[in-house]
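Q: can you look at this prediction? I've put the sequence above it.
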Amino acid sequence: MTETTLPEPVEGPATWRSDFRTAMMGSSPAPLTLLERGEGCYVWDVDGKKYLDFLAGIAVNSLGHAHPVLVDAVSRQVANIAHVSNYFATAPQIELAQRLSRISGAGERGRVYFGNSGAEAIEAAIKLARRNGQHKTILALTNSFHGRTMGAVSLTGKPALREPFDPAVTGIDHIDSTIEALEHAMGDHVSALVVEPIKGEAGVIDLPEGYLKRARELTEKHGALLILDEIQTGAGRTGSWFAFQQHGIVPDAIAVAKGIGGGVPIGALVTFGWASELFTVGQHGSTFGGNPLATAAANAVLGEIENAGLVENAARRGDELRAAITAIGSPLVGELRGAGLLIGVGLTEPVAARVSAKALELGLIINAPNDTSIRLAPPLIVGDAEIAQFISLFTQALEASA
Ligand SMILES: *Cc1c(COP(=O)(O)O)cnc(C)c1O
């Protein structure tokens, strides 16, 4: 037997960066800092530095950090029963399925599959599409993002993320995000169109005006499913429970994850109407999917969003933020995109990385999904004080980057 030398344990500020590098898979980018705890809209790093969190784990921490309602629900559930196999049902699981069908408008014909992540919700969506024509084509958009598993990355319209892992899942075509491209590509050979109502990872990019309406007409005409990836836009973030609800259409399925669990991993596919009949017993499943711990957490998060009026707060605070960002009057700020509390700030110069690095230095967490976009996705609980502080710090970050 040869002696194995174990690496030194993580010791905090001095060694965590190198410990991360030697312990974590090479696919992990270098972290910005080591976060230790959070409360409300704030997080603290290992040096005790406090940050205003306007990213919320990329639209995940809907209630902010350590919200008592979530802490209580998870604590009580884990002390009661945390997991059962799929041979059994639990009350939180059924309650969450009913809740998702209710708030999405899927209603009585709504059916819900639970997984543990966005990518798993998308995998379920791909399998649903196959059940609507196994040898038909799934349409997705260029520059879209749907996750990192093989199916999800095959659907993702960013070749750089997929190509190192080719061959991709076949039967998927990517089209430009224009109504003309959609009209050109749609036909009876299409099983499903999968789109994000707002492209988050692309830099919070809105679909063209009228896109979802036209997509609904064309998918209906050709018997194709309209599947919306609401993983980033869902759970009240855009000022409605789901972004599609602002477009006067009803989809056949929505993929949700991120903000639903408020930090506890969960993903789900919600089907509407006839799409609910496509899967038969045993065709899909997940060990952890829908377990009582994750579903109790999501019930608590969605319940609090409803009770505290946080969908309305997202709409109102989103408007306030947009107005305040415009009022900064920075020549670096161009168009404002997105809806509610999912905001894309288009920059007039390719300095997004500099702006977000400067913000971090000042104690503000924002994100630069590309050179000319800043993404904001604060917790849905933001109020006057956080918005005022954000504007002050963001103004300084912009000034330092001009
Ligand atoms: C984050 C995200 C995914 C992937 O979710 P994971 O939980 O990381 O697997 C898919 N689609 C969209 C729109 C996302 O924002």
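A: Perfect, thanks for sending it. Numbers count the residues shown, from 1 in each chain.
Q: tally of neighbours for the closest residue to the ligand within the stretch 51-200 of the chain?
A: Distance from the ligand to each residue of the stretch 51-200 of the chain (C-beta to the nearest ligand atom) is smallest for Gly118, at 2.1 Å. Every residue, glycine included, has its C-beta placed from N, CA and C. Neighbour count for Gly118, taken as other C-beta atoms under 10 Å: 29.
Q: got the contact list for it?
A: 146-147, 152, 229, 231, 255, 257-258, 267 (C-beta atoms under 8 Å, 6 or more residues apart in numbering).
Q: which members of those residues are the farthest-apart pair?
A: Ala152 and Lys258 (13.7 Å; C-beta to C-beta).
Q: which one's more surrounded, these two?
A: Counting neighbours by other C-beta under 10 Å for Ala152 and for Lys258 shows that Lys258 has the greater number, 29 against 26.
Q: please report how far the more buried one lies from Leu32.
A: 19 Å (C-beta to C-beta, to the nearest Å).
Q: filter the contacts of Gly118 by proximity to the ligand?
A: Filtering these for neighbours of the ligand using C-beta under 6 Å from any ligand atom leaves 146-147, 229, 231, 257-258.
Q: which residue is the nearest non-sequential neighbour of Cys144?
A: Careful, residue 144 is Ser; it's not Cys. Gly157 (4.1 Å; C-beta to C-beta, 6 or more residues apart in numbering).
Q: typed the wrong thing, it's Gly133
A: Ser191 (3.9 Å).
Q: the one you found: which element?
A: Take DSSP states H and E as the rule and Ser191 turns out to sit in strand 190-195.
Q: give the pairing partners of that strand; include direction for each.
A: Here strand 190-195 is paired, per DSSP bridges, with strand 137-141 (parallel), strand 225-229 (parallel).
Q: what's next to the last one, contact-wise?
A: Judged by C-beta under 8 Å, 6+ apart, the contacts made with strand 225-229 from elsewhere in the structure are 118, 122, 125, 128-129, 132, 144, 146, 191-197, 215-216, 219-220, 242-244, 249, 251-255, 275.
Q: now swap in the first one and tell me
A: Outside strand 137-141, the residues that touch it by C-beta under 8 Å, 6+ apart are 126, 129, 146, 155-157, 171-177, 182, 185-186, 189-196, 199, 224.
Q: and the residue nearest the centre of the chain?
A: By C-alpha atoms, centre = their mean, the chain has its centre lying nearest to Gln232, at 2.4 Å.
Q: confidence score at it?
A: Note for Gln232: predicted pLDDT of 98.
Q: ok so it is a helix residue?
A: No - under DSSP: H, G, I helix; E, B strand; the rest coil, Gln232 sits outside any helix and is assigned coil.
Q: now it. Nearest residue, chain neighbours left out?
A: Closest to Gln232 by C-beta to C-beta, 6+ apart is Gly200, at 3.8 Å.
Q: check that neighbour and give its pLDDT.
A: 98.
Q: now the strands: where do they sit in the stretch 201-350 of the chain?
A: 205-206, 225-229, 253-256, 267-271, 333-339, 342-347 (DSSP state E, counting those that start in this stretch).
Q: residues in contact with the longest one?
A: So the one you mean is strand 333-339. 198, 203-206, 233, 238-239, 243, 246, 318, 322, 325-326, 343-348, 372, 398.
Q: same thing but 6 Å
A: With C-beta atoms under 6 Å, 6 or more residues apart in numbering as the test, strand 333-339 has contacts from 198, 204, 206, 238-239, 322, 344, 346, 348.
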